[in-house]
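>>> Return a 3D structure for these sequence lines:
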Amino acid sequence: SSGINAEYGSGQYTYKIYHLEQKVPTWIKAIAPTGSLHIHEEAWNAYPFCKTVLTNPGYMNESFKLSITTWHKPGNKGLENVHTLNAKQLQMREVVPIDIVNDYVKSSDYKKEFDPSLHGLTAGKDADGQLWMEKADPVMTCYKLVEIEFRWKFIGGKVETFIGDAERRLFTNFHRQLYCTHSQWGDMTMEDIRRIENETKSKLDEIRNQGNVQGSAAE
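Now for the predicted structure:
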């Protein structure tokens, strides 16, 4: 529960380091100094609230910060300011809806087994002219607040746009997979989850040491 505000309840704190040299576009690799692509992640999980903060303390220090704050709320959208932003923040905010069934998915990301339209959700509008989320019961909306700071002259805006696009792609693909596999994890206990986390960490460490790249690469 370390680091979780009492307002949100107790939960789990994790600290991870990501090695991104082979995960970013060529133009970023060309200008990125050695060590600058090691990203540190702190995460506080107190479902239905969670927060993730990514930094680069080894090189950029205070010049880079990516913060993702999440609230999971019942119902189909509709909450205007779930993150209690002030007036200035609301002016800066861009609302980006994500529909796991109907949103565009890159051909390189598409997997039939993770297509919600093949797992009970109707693509497009149904015979009554409604989208799947307007009829789903129960339904939950995941509200994510993504805050990006990249304070480098000349390329800061381009990198912030790149990160924003990458986050949307990640959220779309992840939640498509999450829905399509819910029968596999819905009955898991916390002990089951911790065991899988430990197994995954060991596998990722082995893959990284061997130099094999897996997962999504940025474009």
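>>> Taking the centroid of the protein, which residue is nearest it?
In the chain, the residue lying closest to the centroid (CA atoms, centre = their mean) is residue 171, at 4.7 Å.
>>> which residues touch that one?
By CB atoms under 8 Å, 6 or more residues apart in numbering, the contact list for residue 171 reads 98, 144. Quick note: C-beta positions are derived from backbone N, CA and C, even for glycine.
>>> repeat that for 10 Å
With contact set as CB atoms under 10 Å, 6 or more residues apart in numbering, residue 171 has these partners: 68, 70, 96, 98, 100, 103, 142, 144, 146.
>>> What spatial separation is found between the fifth one and residue 150?
Residue 100 is 28 Å from residue 150, where distance means CB to CB, to the nearest Å.
>>> Those two: which is more packed in?
Using other CB atoms under 10 Å, the more surrounded residue of residue 100 and residue 150 is residue 100, with 24 against 19.
>>> Just checking, which helix or strand succeeds the longest helix along the chain along the chain?
Ranked by residue count, the top helix of the chain under DSSP state H comes out as helix 156-180. Using DSSP states H and E, the helix or strand that follows helix 156-180 towards the C-terminus is helix 182-185.
>>> Following that next one in sequence, what is the next regular element?
Defined by DSSP H and E, the subsequent element after helix 182-185 is helix 190-210.
>>> Now that next one - C-alpha only, PDB.
What follows is helix 190-210 as a C-alpha-only set of coordinates in PDB (Å, rounded to 0.1, in the frame of the first residue of the first chain):
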ATOM      1  CA  MET A 190      -4.500 -12.500  -5.900                       C
ATOM      2  CA  GLU A 191      -2.200 -15.400  -5.300                       C
ATOM      3  CA  ASP A 192      -2.700 -16.600  -8.800                       C
ATOM      4  CA  ILE A 193      -2.000 -13.100 -10.200                       C
ATOM      5  CA  ARG A 194       1.200 -12.700  -8.100                       C
ATOM      6  CA  ARG A 195       2.500 -16.100  -9.300                       C
ATOM      7  CA  ILE A 196       1.900 -15.200 -13.000                       C
ATOM      8  CA  GLU A 197       3.600 -11.800 -12.400                       C
ATOM      9  CA  ASN A 198       6.700 -13.500 -11.100                       C
ATOM     10  CA  GLU A 199       6.700 -16.000 -13.900                       C
ATOM     11  CA  THR A 200       6.300 -13.200 -16.500                       C
ATOM     12  CA  LYS A 201       9.100 -11.200 -14.900                       C
ATOM     13  CA  SER A 202      11.500 -14.200 -15.200                       C
ATOM     14  CA  LYS A 203      10.500 -14.800 -18.800                       C
ATOM     15  CA  LEU A 204      11.000 -11.100 -19.700                       C
ATOM     16  CA  ASP A 205      14.400 -11.000 -18.000                       C
ATOM     17  CA  GLU A 206      15.400 -14.100 -20.000                       C
ATOM     18  CA  ILE A 207      14.200 -12.600 -23.300                       C
ATOM     19  CA  ARG A 208      15.900  -9.300 -22.600                       C
ATOM     20  CA  ASN A 209      19.200 -10.900 -21.800                       C
ATOM     21  CA  GLN A 210      19.000 -13.000 -25.100                       C
END
